[in-house]
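Colleague: would you be able to build a 3D model of this:
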Amino acid sequence: MGKGAIATGAVAVLLLTAGCKAVAVDTEGGGPGGGDDRPGASATRPPAREDPAGRDRPERPGSAEPSERRPARTPTSAPVPDPAPTRTPAKTLMRQGDRAGQVRELQARLRQVAWFHTLPTGTYGPATAAAVRGFQAKRGLPVTGATDTVTWQRLLGMTREPTRQERYAGGGMPPAAPDKRCLTGRVLCIAKSSRTLTWMIDGRRVSTMDVRFGSQYTPTREGTFSVYWKSRHHVSTLYDTAMPYAMFFSGGQAVHFSSDFAARGYSGASHGCVNVRDEKKIASLFAQVRKGDKVVIYK
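Modeller: Next comes the predicted model:
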């Protein structure tokens, strides 16, 4: 048995009898912690590197040269949320005090949804502003009383296009272009399409007024006629109703003032006569019209 084996066996016996903790043994002759050139060096000692002073020193496990080290991570701050976008106010289309055709449409549409309870006039007054405020409040819109683009679009989506008759249910419809028969002489030029009577002399418009016609069962005749009788305080013998400022042109049909038309507007109809609701205008007309003056009634 060689000397190395005897020495190893002796160490093992001492460990068992002394109860020491076992450590790695260098079988090449190095003791615990021994190294190649001095006692106490680890068997797995890392390779030495030269320090600036020219001395060798061991590498630290896991260390790296400065050029190989990862750069320090810059701490990142929490993302800053974008500021809330500024809401651009809706553009105002109509407001109190305006007078326009679009105001008539607004009023007619508000009538369809039961917010405007009078006849369209084309004037944006207190009643229209109150109706708009009510509509806005009901739909959760800013309550201003003015009609902006948001309010208008919401109303358009809830209503249909008003007819010409609906927009001018309260009267004031622009007169239709005069029939060519109205361009010469003294003429009561009556257009059914615009529901207007225009008093014309030699093609010149003197005055215009709203009129109402007969129903489908008692239609107002169309054609060319002439005034054959005037009666300032006439009363109908057939219907027992007053027909002031009557100017008869065809049988029992006449142009005259109608208190019913003045009170109810176009919700009613005549028995074939041409009703006028503005008493002052027809009084002035009655004073100017002569027997024999022409009456033209057309679509």
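Colleague: surely Met243 and Ser236 touch.
Modeller: Yes - if you go by C-beta atoms under 8 Å, Met243 and Ser236 touch, sitting 5.5 Å apart. The way it works is simple: take the backbone N, C-alpha and C, and place the C-beta from them, glycine included.
Colleague: who's more crowded, the two?
Modeller: Using other C-beta atoms under 10 Å, the more surrounded residue of Met243 and Ser236 is Met243, with 22 against 15.
Colleague: can you list contacts of whichever strand or helix holds Val255?
Modeller: Using DSSP states H and E, Val255 sits in strand 253-257. Strand 253-257 is contacted by residues 188, 190, 197, 211, 220-221, 231, 234, 243-249, 272-277, 279, 282-283, 295 when judged by C-beta atoms under 8 Å, 6 or more residues apart in numbering.
Colleague: now the buried members of those.
Modeller: With burial judged by 16 or more other C-beta atoms under 10 Å, the buried subset of these is 188, 190, 197, 211, 220, 234, 243-249, 272-277, 282, 295.
Colleague: where does the prediction get shaky in this structure?
Modeller: With pLDDT under 70 as the threshold, the chain has low-confidence stretches at 1-78, 80-87.
Colleague: wait, what's in contact with the most centrally placed residue in it?
Modeller: Geometric centre of the chain, nearest residue: Val150, 2.8 Å, by C-alpha atoms, centre = their mean. Val150 makes contacts with 90, 141, as judged by C-beta under 8 Å, 6+ apart.
Colleague: report the secondary structure state of it.
Modeller: Under DSSP: H, G, I helix; E, B strand; the rest coil, Val150 falls in the helix class.
Colleague: same check, this time on Ile190
Modeller: strand.
Colleague: ok, Pro162 next?
Modeller: Once three-state DSSP is applied, Pro162 turns out coil.
Colleague: right, and it touches Leu106 too?
Modeller: No - applying C-beta under 8 Å, one finds Pro162 not in contact with Leu106, separated by 9.5 Å.
Colleague: neighbour-wise, which of these two wins?
Modeller: Leu106 (27 against 19).
Colleague: any idea how far that one is from Arg164?
Modeller: Leu106 sits at a distance of 15 Å from Arg164 (criterion: C-beta to C-beta, to the nearest Å).
Colleague: same question for Gln288.
Modeller: 29 Å.
Colleague: likewise Thr196?
Modeller: From Thr196 across to Arg164, the span is 12 Å (C-beta to C-beta).
Colleague: shared neighbours, those two?
Modeller: Met173.
Colleague: of those two, which one has the most company?
Modeller: Neighbour count, other C-beta under 10 Å: between Thr196 and Arg164, Thr196 has more, with 20 against 14.
Colleague: list the buried ones in the helix or strand encompassing Ala130?
Modeller: Following DSSP H and E, one finds Ala130 within helix 126-138. Neighbour-count burial for helix 126-138 flags 128-129, 131-136 (criterion: 16+ other C-beta under 10 Å).
Colleague: next: stretch 186-195.
Modeller: 186-192, 194-195.
Colleague: could you do stretch 161-177 as well?
Modeller: By 16+ other C-beta under 10 Å, the buried positions in stretch 161-177 come out as 162, 166-173, 175-176.
Colleague: can you pull out the helices in the stretch 151-299 of the chain?
Modeller: Assigned helices in the stretch 151-299 of the chain, in chain order: 164-167, 259-264, 279-288 (criterion: DSSP state H, counting those that start in this stretch).
Colleague: only C-alpha atoms, please: export the last one in CSV.
Modeller: Listed in CSV are the C-alpha atoms of helix 279-288, where the atom choice follows Å, rounded to 0.1, in the frame of the first residue of the first chain:
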residue,chain,number,x,y,z
GLU,A,279,-110.1,92.9,-42.4
LYS,A,280,-108.1,96.1,-42.9
LYS,A,281,-106.6,94.8,-46.1
ILE,A,282,-109.9,93.7,-47.6
ALA,A,283,-111.6,97.0,-46.5
SER,A,284,-108.9,98.9,-48.5
LEU,A,285,-109.3,96.5,-51.4
PHE,A,286,-113.1,96.8,-51.4
ALA,A,287,-112.8,100.6,-51.6
GLN,A,288,-110.6,100.3,-54.7
